[in-house]
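Engineer: Sequence and predicted structure are below.
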Amino acid sequence: MANYVYSIARCMRPTQSDAQQLALRHIGFIRRGLLRFALLGLMAAALTPLQGVHAATLLDAINNYDQKKYGEAFIIFEDLALDADARAQAWVAYMYERGEGVEKNLEEAARWYKRGAERNDRVAQYRLGYFYEKGIGVERDYQQARIWYEAAAAKGDANAEYSLARLYREGLGVEVDFEEGRKWYMKAAVKGLRGPLQNYYDPDPGIPANADLVEYLVKKAELGDVPAMLRLAGLHRRGQGLERDPAKTLALYERAAGESAEAQAAIGYMLQVGEGAPRNFKAASQWYRKASEASEPMAQNNLGWMHVHGMGVPRDLDKAIELFRAAADKQYAHAQNNLGHLYLHGIGLDKDLTEAVKWFERSAEQDLADAQSNLGYVYQNGLGVKRNLAKAAQYYAKAAAKDHLFAMETLGYLYQSGIGLEQNLEKAVELFERAARKSSVYSMRRLAYMHLHGRGVAKDVDRARLLYGRAARVGDKQAQQALQALSNSN
């Protein structure tokens, strides 16, 4: 259901207020434990006309960055960073991390984050903690991660506070302490860093829930603890440490719904797909609407989708766009991707390929496979960007790694044909096999052809006949013709 990530937010431009202060604010969102970040931090300086030159230079760098003049921005940031400007040091680290304006170098990024962190920059301290937690550019060290998170959290950094909650929740470098973790989570939540509340108690879905944790959550849920209810609901829904039970999942969400927009959105989703209760689009839309009124982004996105298709609500593209924009402004990747789709096809909006690419890029930065596949498509076809088959293949590969069906099909075709990248029939076979296992008729037919002619795989007419037969049974005309030709040749 709802998944969140840190996202890159646009930097606020420094402006002179009455107090002549510069401000760069730091925000972010959570999704499945994968991290992106907003390189925005607090920088205050009483400016006199003589000091204004330094601020203007920083402003120039930020403006260059926003205009994607990364090389020019990096030169300015680096000059300032060498002059011991901690905020510029954080920017230099960020650009090394992203490979913008300079060759990507995570070790160099870590070094610059450390310089900024040691000069007391909050953003650099948070990012250095993250690098230590994940082992990015440095040896993984949970103790160092905690130290730098605590330094940033002491300055009120919500992302650092949330990260400390995660360390205590999962026992990373500290003893497991749910109450201490919850304290840090609530500090972050008060500042607006609101991922689904179940994320507080919820490590990665693949991590088994032990009996002690389940017992603890049951007791907390009985006392009315909403995050515990949501965590239990998630365990029941996935069958993780508890029996998979959609009805109990729905009941737990309903108990939490009075205080949790995330629970309201989850109920909407379950009713939309018919999980734990009969499918009911009208009731789903009502729950989504209630959660949307509390600015819950998954609900806004899904309600927008229902308005696009007229499911449980009147078809209303203007309302759908309004809801998608509201969720996209909260960095909700699915909504950003949906906006890109509407711009790409001119649905409810004037067709604007540049805008489509912009929204796909924002969504893809959050690792959404749909958006990565869509970027592959626009680069493959030169829609809003210069046609670049190599770049298209890179985006398709990212999406295919997540088993995105269209990306696997298309990347398989590119490898088979050698278009945009070096021909690799073995990789093509691998991709088509993976896609065929997900019922891709196109891939069944492609794979059958390769088996029939021994392309990238040993020639196997029986296997080819089997694959053509599977595709033919679901109505694929080309497979039917190929199967008939095989029969006639015998």
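Structural biologist: All right, it came through fine.
Engineer: which helices and strands does the helix or strand harbouring residue 409 pack with?
Structural biologist: If you go by DSSP states H and E, residue 409 is part of helix 405-417. The contact analysis (3 or more C-beta pairs under 8 Å, 6 or more residues apart in numbering; DSSP states H and E) places helix 405-417 against helix 369-381, helix 389-400, helix 425-437, helix 441-453. Where you see a C-beta, it was placed from the backbone N, CA and C, and this is true even at glycine.
Engineer: what comes into contact with it?
Structural biologist: 369, 372-373, 376-377, 380, 389, 392-393, 395-400, 419-421, 423-425, 427-429, 431-432, 434-435, 438, 440, 442-443, 446, 450, 455-456 (C-beta atoms under 8 Å, 6 or more residues apart in numbering).
Engineer: Helix 441-453 and that one, what's the angle between them?
Structural biologist: Here helix 405-417 runs at an angle of 30 degrees relative to helix 441-453 (axes from the mean of the first three to the mean of the last three C-alpha atoms, to 10 degrees).
Engineer: Pull out the buried positions in helix 405-417.
Structural biologist: Across helix 405-417, burial judged by 16 or more other C-beta atoms under 10 Å covers 405-416.
Engineer: That one vs helix 369-381, what angle?
Structural biologist: Between helix 405-417 and helix 369-381, the angle comes out at 40 degrees (the same axes, to 10 degrees).
Engineer: From residue 247, how far out is the nearest residue to residue 312 once chain neighbours are set aside?
Structural biologist: Of all residues not flanking residue 312 in the chain, residue 281 sits nearest, at 3.0 Å (C-beta to C-beta, 6 or more residues apart in numbering). Distance, residue 281 to residue 247, by C-beta to C-beta, to the nearest Å: 20 Å.
Engineer: my read is residue 308 is in a helix, agree?
Structural biologist: Yes - per DSSP: H, G, I helix; E, B strand; the rest coil, residue 308 lies within a helix segment.
Engineer: out of everything not next to it in sequence, what's closest to it?
Structural biologist: According to C-beta to C-beta, 6+ apart, the nearest residue to residue 308 is residue 320 (4.6 Å).
Engineer: hmm, who's touching whichever helix or strand the one you found is part of?
Structural biologist: Using DSSP H and E, residue 320 sits in helix 317-328. Contacts to helix 317-328, defined as C-beta under 8 Å, 6+ apart, come from residues 292, 295, 297-298, 300-301, 303-305, 307-308, 334-336, 338-339, 342, 347-349, 359, 362.
Engineer: and the protein, what are its domains?
Structural biologist: Here the domain parsing of the chain from automatic domain parsing is 1-189, 437-490.
Engineer: Quick check: nearest residue in space to residue 119, chain neighbours excluded?
Structural biologist: Nearest to residue 119 is residue 86, by C-beta to C-beta, 6+ apart, at 3.8 Å.
Engineer: can you count the residues close to the one you found?
Structural biologist: Residue 86 has 22 neighbours, counted by other C-beta atoms under 10 Å.
Engineer: who touches residue 287 in this structure?
Structural biologist: 257, 264-265, 267-268, 271, 299.
Engineer: Surely it is in a strand?
Structural biologist: No - using three-state DSSP, the assignment for residue 287 is helix, not a strand.
Engineer: if I pick the residue nearest to it when sequence neighbours are not counted, what's in contact with it?
Structural biologist: Closest residue in space to residue 287, ignoring its immediate chain neighbours: residue 268 at 3.6 Å, by C-beta to C-beta, 6+ apart. Residues near residue 268 by C-beta under 8 Å, 6+ apart: 284-288, 291, 299, 302-303.
Engineer: export those residues to a markdown table and tack on pLDDT and distance to residue 96?
Structural biologist: Output for the contacts of residue 268, formatted as a markdown table (pLDDT from 0 to 100; distance: C-beta to C-beta, whole Å):
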| residue | pLDDT | distance to residue 96 |
| --- | --- | --- |
| 284 | 97 | 45 |
| 285 | 97 | 46 |
| 286 | 97 | 48 |
| 287 | 97 | 44 |
| 288 | 97 | 41 |
| 291 | 96 | 39 |
| 299 | 96 | 38 |
| 302 | 96 | 38 |
| 303 | 97 | 40 |
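Engineer: thinking again about what came up before, is it correct that the residue nearest to residue 312 is in contact with residue 310?
Structural biologist: No - look at residue 281 against residue 310 with C-beta atoms under 8 Å: they stay out of range, at 9.5 Å.
Engineer: When these two are compared, which one has more neighbours?
Structural biologist: Legend: neighbour count by other C-beta under 10 Å for residue 281 and residue 310, higher for residue 281 (17 against 12).
Engineer: any idea of the pLDDT on that one?
Structural biologist: Looking at residue 281, its pLDDT stands at 97.
Engineer: and it, what does it touch?
Structural biologist: Residue 281 sits next to 271-272, 306, 311-313 when contact means C-beta under 8 Å, 6+ apart.
Engineer: tell me the two of the residues you listed that are most distant?
Structural biologist: 271 and 313 (13.2 Å; C-beta to C-beta).
Engineer: Neighbour count for those two, which is higher?
Structural biologist: residue 271 (24 against 20).
Engineer: was I right about the more buried one contacting residue 302?
Structural biologist: No - counting by C-beta under 8 Å, residue 271 does not reach residue 302; the two are 10.8 Å apart.
Engineer: sorry, back to before: relative to residue 238, which of the domains of the chain is closest?
Structural biologist: domain 1-189 (10.9 Å).
Engineer: avg pLDDT for that closest one?
Structural biologist: Averaged over domain 1-189, pLDDT sits at 71.
Engineer: 521 is where my numbering starts, stick with that
Structural biologist: From this message on, residue numbering opens at 521, which makes the last subject domain 521-709.
Engineer: can you count the residues close to residue 767?
Structural biologist: Using other C-beta under 10 Å: residue 767 sits among 11 other residues.
Engineer: can you pull the buried residues of the one helix or strand it maps to?
Structural biologist: Assessed by DSSP H and E, residue 767 sits inside helix 766-776. Of all the residues in helix 766-776, those buried under the rule 16+ other C-beta under 10 Å are 768-770, 772-776.
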